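Student: this one's sequence-less:
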């Protein structure tokens, strides 16, 4: 038993030692907190429009059906008239015409499906990633990203944000620590200013979070109700226990 107890103590410590280098190796550009709000239907509708117009050309969302967008306040006629470019039936999934072979040939790797990208990468990562593209003549696409270096994906939203340049400087602190300092500059303007572009990215991330779990908000509401009911049942169960054991105690 003593050996088992000592093993249980040391296993988490060894696991932590193994994790530390991985965390250190992933240190880089600081992620900004995503200001998305899953209860903002206007933002979700705007995000759906951005997704269909700028992302669905290469990336699909094969686990999401167009008719589920009625949950974010859109009617089937609005979905059919404004969002259904690649399919004919409102019950079809958000698939993309770009094949895996063509995607690999054009970009080096097939563009991933975005059904659960917000759950795998996180909303903060997506929000920062979509706002940190910059021009880089050394890459095949002419674009690079501060969060995901040498990303195969070009800047799909560059007409909205414009072209930016990035200069990375190594700055030494008074304590002797060296850290990277990122300096951004605008090369050419886009259709949106900085505030408007950040809002558009927020809406897109909001929609991708929704696509990752469309029933997420209803699940949370049901969970609150269930916890409340269990709390009430606990009171009655405790009162019943007291009644059964009153003669013994």
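Tutor: Arrived safely, thanks for sending. Quick caveat, the model's predicted, so the values are computed rather than measured.

Student: can I see the domain layout of this structure?
Tutor: Using automatic domain parsing, the domains assigned to the chain come out as 2-214, 223-249.

Student: most tightly packed of these?
Tutor: Comparing those by mean neighbour count (mean count of other CB atoms under 10 Å), domain 2-214 ranks first with a mean of 15. Backbone N, C-alpha and C define where each C-beta goes, glycine included.

Student: on that earlier part again, mean pLDDT for the domains of the chain - can I get that in CSV?
Tutor: Listed next are the domains of the chain as CSV, based on pLDDT from 0 to 100:
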stretch, mean pLDDT
domain 2-214, 84
domain 223-249, 81
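
Student: can you give me the helices for the protein?
Tutor: Here the chain has its helices, by DSSP state H, at 2-25, 41-50, 76-82, 100-107, 117-121, 123-129, 158-161, 194-212, 216-245.

Student: wait, which of the ones you listed is closest to residue 63?
Tutor: helix 194-212 (7.8 Å; CB to CB).

Student: correct me, but residue 162 touches residue 187?
Tutor: Yes. Counting by CB atoms under 8 Å, residue 162 touches residue 187, with 7.2 Å between them.

Student: out of the helices of the chain, flag the one nearest residue 150.
Tutor: The nearest among the helices of the chain, by CB to CB, is helix 100-107 at 12.1 Å.

Student: who's in contact with that closest one?
Tutor: Outside helix 100-107, the residues within contact range by CB atoms under 8 Å, 6 or more residues apart in numbering are 58, 109, 110, 111, 141, 152, 153.

Student: which two among those are spaced furthest apart?
Tutor: Using CB to CB, the contacts of helix 100-107 span at most 15.3 Å, a distance reached by 110 and 141.

Student: thinking again about what came up before, nearest to residue 121, of the contacts of helix 100-107?
Tutor: Of the contacts of helix 100-107, the one sitting nearest to residue 121 (CB to CB) turns out to be residue 153, at 12.8 Å.

Student: now do the contacts for the residue nearest to residue 80 when sequence neighbours are not counted.
Tutor: Residue nearest to residue 80 in three dimensions, not counting chain neighbours: residue 90, with 5.6 Å by CB to CB, 6 or more residues apart in numbering. Neighbour list for residue 90: 66, 67, 76, 79, 80, 84 [criterion: CB under 8 Å, 6+ apart].

Student: likewise residue 98?
Tutor: 57, 58, 111.

Student: which residue lies nearest the spatial centre of this protein?
Tutor: Centroid-nearest residue in the chain, with CA atoms, centre = their mean: residue 118, separated by 2.7 Å.
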